[in-house]
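Visitor: what follows is a predicted protein model with its sequence.
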Amino acid sequence: MPHPTFPTRTPTRRQLSVDDYVTGVLAGERAILGRAITLIESMRPADAAIAQHVLTGILPATGKAHRVGITGVPGVGKSTFIETMGRKLTAQGKRVAVLAIDPSSAVSGGSILGDKTRMNELACDPLAFVRPSPSACTLGGVARKTRETMLLCEAAGFDVVLIETVGVGQSETVVHDMVDFFLVLMLAGAGDELQGIKRGVLELADLIAVNKADGDNAQRCERSRQDYANALHVMAAPNGDWTPTAITCSGLTGLGLDDLWASITKHRELLTASGHLEQLRRDQQVHWMWSLIEERLLNGFREHPDVARDFTSIERAVREGTSPATVGAETLLRAFGLA
Ligand SMILES: Nc1nc2c(ncn2[C@@H]2O[C@H](COP(=O)(O)OP(=O)(O)O)[C@@H](O)[C@H]2O)c(=O)[nH]1
Ligand SMILES: [Mg+2]
């Protein structure tokens with residue numbers, strides 16, 4: 001017994017073929033789904049080649065899930081909300097996959113779900129699948145892997161995919177670009193709610209939910225809700241089918257969550273009927289193609305021997321002000337072969 005304490009993690013795990021992955025994922029086998037996600041997250045070039053084949057194999061079975069993005073500052077209650085909402089959905093017999101992106105966790109290298117005991121019940125629910133996204137890569141890489149993970153979950157038969165992301169950097173834009181519905185959780189503040197938030201978030205939101213509207217906080221949340229509703233009225237991008245609104249809820253008590261899900265369902269019905277959901281997803285495909293190209297080009301650029309040789313010194317010169325950014329860019333692009 002070489003590894004008595006880890007009997008299920010023997011190093012001689014059978015290698016799976018592309019067919020094994022595709023068949024297993026399509027059959028909804030969790031162990032295979034988990035391994036397929038690990039394959040997709042792998043940085044090894046050999047794995048990337050297999051992953052491409054697996055993705056191509058499962059692609060016809062994708063597109064059926066309801067894709068919902070959930071964002072908000074750390075501590076707003078996203079994980080708690082998802083746990084309660086996820087349990088409500090599985091109680092209705094829906095199969096729910098939860099993916100979590102946290103670019104900030106790249107710093108600590110820690111897992112988002114590991115630090116707190118959130119989603120414990122959901123993670124044990126046979127109808128649910130909870131998976132943190134890989135943290136230690138670029139945002140572009142995180143987005144690509146999250147998108148591909150979402151597709152794998154869809155192919156495995158999940159009806160709802162919830163994607164949790166913190167409102168850090170561009171991760172919310174990235175998630176917005178891969179979902180059908182974008183939910184923004186907010187906290188009630190002391191009248192200064194609107195100052196701290198990025199205007200962009202209001203433009204992305206399909207719904208703003210002022211969370212933690214329980215106990216003494218309920219009234220403050222209602223006042224915040226009115227502020228957000230007014231702000232949305234002024235700022236939100238008009239959309240023929242859907243007018244973003246603001247509500248209050250409590251992920252902890254479940255208050256407002258049934259209405260909130262009813263809104264999400266209504267949104268889907270409206271956009272399906274008008275054909276805009278189809279259009280949105282087609283646009284997202286094109287957008288995705290371009291982000292794949294950008295990522296590959298940028299990697300190719302950085303790995304080009306002449307660029308790799310010079311970019312540290314050129315970057316330093318630009319940072320220290322001894323060379324203008326325009327000249328630095330020009331020099332590196334020329335080294336790459338773009339005159
Ligand atoms: N009162 C109240 N507390 C909440 C609610 N949701 C989350 N919390 C608490 O807020 C803290 C952060 O919650 P968490 O779900 O980890 O937030 P996240 O960082 O956005 O994922 C925890 O201490 C939760 O117990 C809620 O609806 N009401
Ligand atoms: Mg969380």
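Guide: Right, received. Where do you want to start? Ligands and ions are numbered 1, 2, ... in the order given.

Visitor: direction included, what does the helix or strand that contains residue 131 pair against?
Guide: Assessed by DSSP states H and E, residue 131 sits inside strand 128-132. Using DSSP bridges, strand 128-132 pairs in its sheet with strand 96-101 (parallel).

Visitor: how about the strand holding residue 131, does it get close to ligand 2?
Guide: No: on the criterion C-beta under 5 Å from the ion, strand 128-132 is out of touch with ligand 2, staying 9.6 Å away. Glycine gets a C-beta too; all of them are placed from N, C-alpha and C.

Visitor: now the strands for the chain?
Guide: For the chain, the strands defined by DSSP state E cover 66-72, 96-101, 128-132, 160-166, 181-186, 207-210, 245-248.

Visitor: which strands and helices sit next to the first one?
Guide: The reference is to strand 66-72. Where contact means 3 or more C-beta pairs under 8 Å, 6 or more residues apart in numbering; DSSP states H and E, strand 66-72 is packed against helix 78-91, strand 160-166, helix 171-176, strand 181-186, helix 257-274.

Visitor: between the ones you listed, which one is closest to ligand 1.
Guide: With C-beta to the nearest ligand atom, the closest approach to ligand 1 among the helices and strands packed on strand 66-72 belongs to helix 78-91: 3.4 Å.

Visitor: other SSEs contacting the closest one?
Guide: If you count contacts as 3+ C-beta pairs under 8 Å, 6+ apart, helix 78-91 packs onto strand 66-72, strand 96-101, helix 120-124, strand 160-166, helix 257-274.

Visitor: ok, now with 10 Å
Guide: When contacts are defined as 3 or more C-beta pairs under 10 Å, 6 or more residues apart in numbering; DSSP states H and E, helix 78-91 packs onto strand 66-72, strand 96-101, helix 112-115, helix 120-124, strand 128-132, strand 160-166, strand 181-186, helix 257-274.

Visitor: mind telling me which of the ones you listed the model trusts least?
Guide: Of all the helices and strands packed on helix 78-91, the minimum mean pLDDT falls on helix 112-115 (a mean of 45).

Visitor: outline the domain layout of this structure.
Guide: Per automatic domain parsing, the structural domains of the chain span 15-61, 63-273, 289-336.

Visitor: poorly predicted segments of the stretch 101-250 of the chain, please.
Guide: The model of the stretch 101-250 of the chain has pLDDT under 70 over residues 102-118, 133-144, 167-169, 190-199, 236-239.

Visitor: which residues of the stretch 51-200 of the chain lie near ligand 1?
Guide: 72, 74, 75, 76, 77, 78, 79, 80, 116, 118 (C-beta under 6 Å from any ligand atom).

Visitor: which two among those are spaced furthest apart?
Guide: 72 and 116 (15.1 Å; C-beta to C-beta).

Visitor: these two: which is more packed in?
Guide: residue 72 (23 against 10; other C-beta atoms under 10 Å).

Visitor: and the closest residue to residue 189 other than its chain neighbours, how far is that from residue 209?
Guide: Distance criterion C-beta to C-beta, 6 or more residues apart in numbering; nearest residue to residue 189, sequence neighbours excluded, is residue 224 at 6.6 Å. Separation of residue 224 from residue 209 (C-beta to C-beta, to the nearest Å) stands at 11 Å.

Visitor: okay, and the common contacts of these two?
Guide: 186, 246, 248 (C-beta atoms under 10 Å, 6 or more residues apart in numbering).

Visitor: ok, residue 163 - contacts?
Guide: 67-71, 82, 97-101, 133, 146-147, 149-150, 171, 174-176, 178-179, 182.

Visitor: ditto for residue 129
Guide: So residue 129 contacts 28, 30, 33-34, 37, 86, 95-99, 122-123, 153, 156, 158, 161 (C-beta under 10 Å, 6+ apart).

Visitor: neighbours of residue 274, how many?
Guide: For residue 274, using other C-beta under 10 Å, the count is 13.
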